[in-house]
Each structure stands twice: as C-alpha cells, then as structure tokens.
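K.L.:
I'll drop the sequence and a predicted model, then ask my questions.
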Amino acid sequence: EVQLQQSGAELVRSGASVKLSCTTSGFNIKDYYIHWVKQRPEQGLEWIGWIDPENGDTEYDPKFQGKATMTADTSSNTAYLQFSSLTSEDTAVYYCNACYSTYKFAYWGQGTLVTVSA
Amino acid sequence: IQMTQTTSSLSASLGDRVTISCRASQDISNYLNWYQQKPDGTVKLLIYSTSRLHSGVPSRFSGSGSGTNYSLTISNLEQEDIATYFCQQGNTLPWTFGGGTKLEIK
C-alpha cells in the first residue's frame, strides 16, 4: 500500500526557515515524482513544484522559486521541503504527494500545518 | 492557466446526480484531473485525464469534457461524498487548481 507520512505541525517565527519531511512506503521513491502543494486557511490549492528523487531534478512554480527548496533522500525514502524567510503568507497546510507521472497527484500525505508567528 | 469553478458551494440530496463544472482559460487538451478533499483535510485523486477513474474510486464518479470545459459527475450521491472538489490542469506548467466546489447535503 502506497503511504506518505508527513512530519508534525510547526510553529515558527517570522523570518525563520522550516524544513518539512514526507516519508514514503509501499513503492520505490526513485520511480515516482514527489510534488508539494500549499493550502492556506480556507483557500484553494497551489502547486509548489516537483522533485524526481532518482536524479534530484526539480521543477518549481516561479512564484515559489527562491522561497522553497525540494530535496530527497532515496536511502530513507524521504522527501523534504524547506521554506525560507517565512512570513504570515506562508501560514498554510503543506501536502506532499506522489505519482509516476508529472501532471497528476495520485497519492497524498496527510498534510503538515505551518503557522508563522510575528 | 486560470482554472475557474464558478460554483463555490452546492447543496444536494442523498441519491441525487450532481455535476460540478470547471473551466480553463485556454485549451488544456484533456489534461484535467479531479480531487476530493474531505473535511478532515484528506485529499484523494478521483479522475485523471478528464475521464479516467483512479484506482479504487467508486464507479459513481465520472468525468467528461474537452477543450476548456470539463465536468465531474457523481451519480447516486452518498453521505461519504460530502467534501470539497477541486479540478487541476496538467497541460501547461505551472500546474494550477480551480478554487473548489464544496458539496453539502440538503
């Protein structure tokens, strides 16, 4: 069974950075793309980007370029999303998801709530 | 590409047939996916490439459309279908989502 287990909620200060994790099981992470999606409170979904864990290639939505950094560790089947210079606009739930293709999001994690305080 | 779901909320009765619409700002060549988000935040892929049912999704869900106009249909609405539904285009980067349609029981 494909599963994605995300790290716990974070409360961080404005201006700080945060690194979220997404540990996968039930499939070979090298065979899938890992995507990250942002959802602000009572808002819709925003695609942040994807990473190909096999070679580390990434694709970002331009509005997150320089703000978000995606990495992956195939030895632990874990993907990471780091956000820097956090502001209140970054308060959101962040989801990881996995798919063997780039254009859809087949399997989702439970989400990680990041709250940025002043 | 802008994705628009003109109906932000929809109320229906159990057993009803429900249709949710999504419009793209340009032709997305059937690269249209639908997702279900439950009130607890759980998200699932329902339909991909306009009309292909994702593994494990009940057959009461179906999708159709072409060009810029797409729709998700739920036949015989069940209690467990109470959720918010999002469309997403996978034709042109960056991938974008519609604003969501919240489905409630009448």
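P.N.:
Alright, I've got the coordinates.
K.L.:
For chain A, give me its nearest residue in chain B.
P.N.:
Per CB to the nearest CB, the residue of chain B with the smallest distance to chain A is B:Gly90, at 2.8 Å. C-beta: built from backbone N, CA, C; applies to glycine.
K.L.:
Tell me how many other residues crowd that residue.
P.N.:
A count of nearby residues for B:Gly90, using other CB atoms under 10 Å in any protein chain shown, gives 22.
K.L.:
Quick check: residues of chain A near chain B?
P.N.:
Taking CB under 8 Å from any CB of the partner chain as the contact definition, chain A meets chain B at A:44-47, A:59-63, A:93, A:95, A:97, A:102-108, A:110-111.
K.L.:
returning to what we had before: let me see the contact set for the residue of chain B closest to chain A.
P.N.:
A:Thr102, A:Tyr103, A:Lys104, B:Ile28, B:Tyr31, B:Leu32, B:Asn33 (CB atoms under 8 Å, 6 or more residues apart in numbering or on different chains).
K.L.:
Also A:Glu10?
P.N.:
A:Val18, A:Leu20, A:Thr112, A:Leu113, A:Val114, A:Thr115.
K.L.:
Narrow these to those in helices?
P.N.:
Assigned to helices by DSSP state H, none of the contacts of A:Glu10 qualify.
K.L.:
Dump those into a markdown table; add pLDDT and neighbour count as well.
P.N.:
Listed next are the contacts of A:Glu10 as a markdown table, based on pLDDT from 0 to 100; neighbours: other CB atoms under 10 Å in any protein chain shown:
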| residue | pLDDT | neighbour count |
| --- | --- | --- |
| A:Val18 | 98 | 19 |
| A:Leu20 | 98 | 21 |
| A:Thr112 | 98 | 20 |
| A:Leu113 | 98 | 16 |
| A:Val114 | 98 | 20 |
| A:Thr115 | 98 | 14 |
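K.L.:
farthest-separated two in those?
P.N.:
Farthest pair in these (CB to CB) is A:Leu20 and A:Thr115. Separation: 12.8 Å.
K.L.:
still on that earlier bit, show me which of the contacts of B:Gly90 are buried.
P.N.:
A:Tyr103, A:Lys104, B:Ile28, B:Tyr31, B:Leu32, B:Asn33 (16 or more other CB atoms under 10 Å in any protein chain shown).
K.L.:
Quick one: those as TSV, columns for pLDDT and secondary structure too.
P.N.:
Listed next are the buried ones among the contacts of B:Gly90 as TSV, based on pLDDT from 0 to 100; DSSP: H, G, I helix; E, B strand; the rest coil:
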residue	pLDDT	secondary structure
A:Tyr103	90	coil
A:Lys104	91	coil
B:Ile28	98	coil
B:Tyr31	98	coil
B:Leu32	98	strand
B:Asn33	98	strand
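K.L.:
Specify which member of the residues you listed is nearest to B:Ser21.
P.N.:
Nearest member of the buried ones among the contacts of B:Gly90 to B:Ser21, counting by CB to CB, is B:Leu32, at 11.3 Å.
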